[in-house]
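[1] okay, predicted coordinates and the sequence, questions at the end:
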Amino acid sequence: MTENERQTDVQELGRHGSPAAERARRHRERKRNGLRMVSVEIFEQEIERLETLGLLGASYRSNTAALKPAIERVIECVLRPKWLPLIGAILSEPVTK
């Protein structure tokens with residue numbers, strides 16, 4: 001890393017704060033918006049089910065960034081009232097391999 005690059009990194013850090021300060025800022029922002037961050041363990045069969053339901057492409061099954069919106073969609077479908085009529089149809093579909 002050149003001295004110029006190092007100086008740019010220091011300037012960026014000063015502008016945006018330390019990584020810990022940035023995490024704290026995002027935490028406070030989520031809290032203001034009524035959101036919470038959680039970690040979830042899921043089985044391979046559940047990932048396959050996300051694929052079957054069309055919520056996740058097969059090529060993305062090992063991509064955690066792609067799993068996040070798929071899991072968010074399931075939560076939305078199950079917990080938000082506008083989706084309640086569809087829950088039975090979605091959850092009762094047999095998993096085919």
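    Everything's here; your move.

[2] what mean pLDDT does the biggest helix by length in the chain get?
    Ranked by residue count and defined by DSSP state H, the top helix of the chain is helix 64-79. For helix 64-79, the mean pLDDT works out to 87.

[3] look up the closest residue to Gly17, ignoring the ones flanking it.
    Across the structure, with C-beta to C-beta, 6 or more residues apart in numbering as the measure, the residue nearest Gly17 apart from its sequence neighbours is Arg25 (7.1 Å). Placement of C-beta: from N, CA and C, glycine included.

[4] repeat for Ala66
    Computed as C-beta to C-beta, 6+ apart, the closest residue to Ala66 that is not its neighbour in sequence is Tyr60, at 3.6 Å.

[5] list the contacts of Ile42.
    When contacts are counted by C-beta atoms under 8 Å, 6 or more residues apart in numbering, Ile42 is found next to Leu67, Ile71.

[6] any idea how far it lies from Ile71?
    Here the criterion is C-beta to C-beta, to the nearest Å. By it, Ile42 lies 7 Å from Ile71.

[7] repeat that for Leu50.
    8 Å.

[8] of those two, which one has the most company?
    Between Leu50 and Ile71, counted using other C-beta atoms under 10 Å, the more crowded position is Leu50 (21 against 17).

[9] contact partners for the more buried one?
    Each residue near Leu50 by C-beta under 8 Å, 6+ apart is listed here: Leu56, Leu67, Ala70, Ile71, Val74.

[10] tell me the contacts of the first one?
    To tie it back to what came earlier, the one meant is Leu56. If you count contacts by C-beta under 8 Å, 6+ apart, Leu56 has them with Ile47, Leu50, Ala66, Leu67, Ala70.

[11] from the residues you listed, which is closest to Val38?
    For Val38, the closest of those turns out to be Leu67, at 13.3 Å, with distances computed as C-beta to C-beta.
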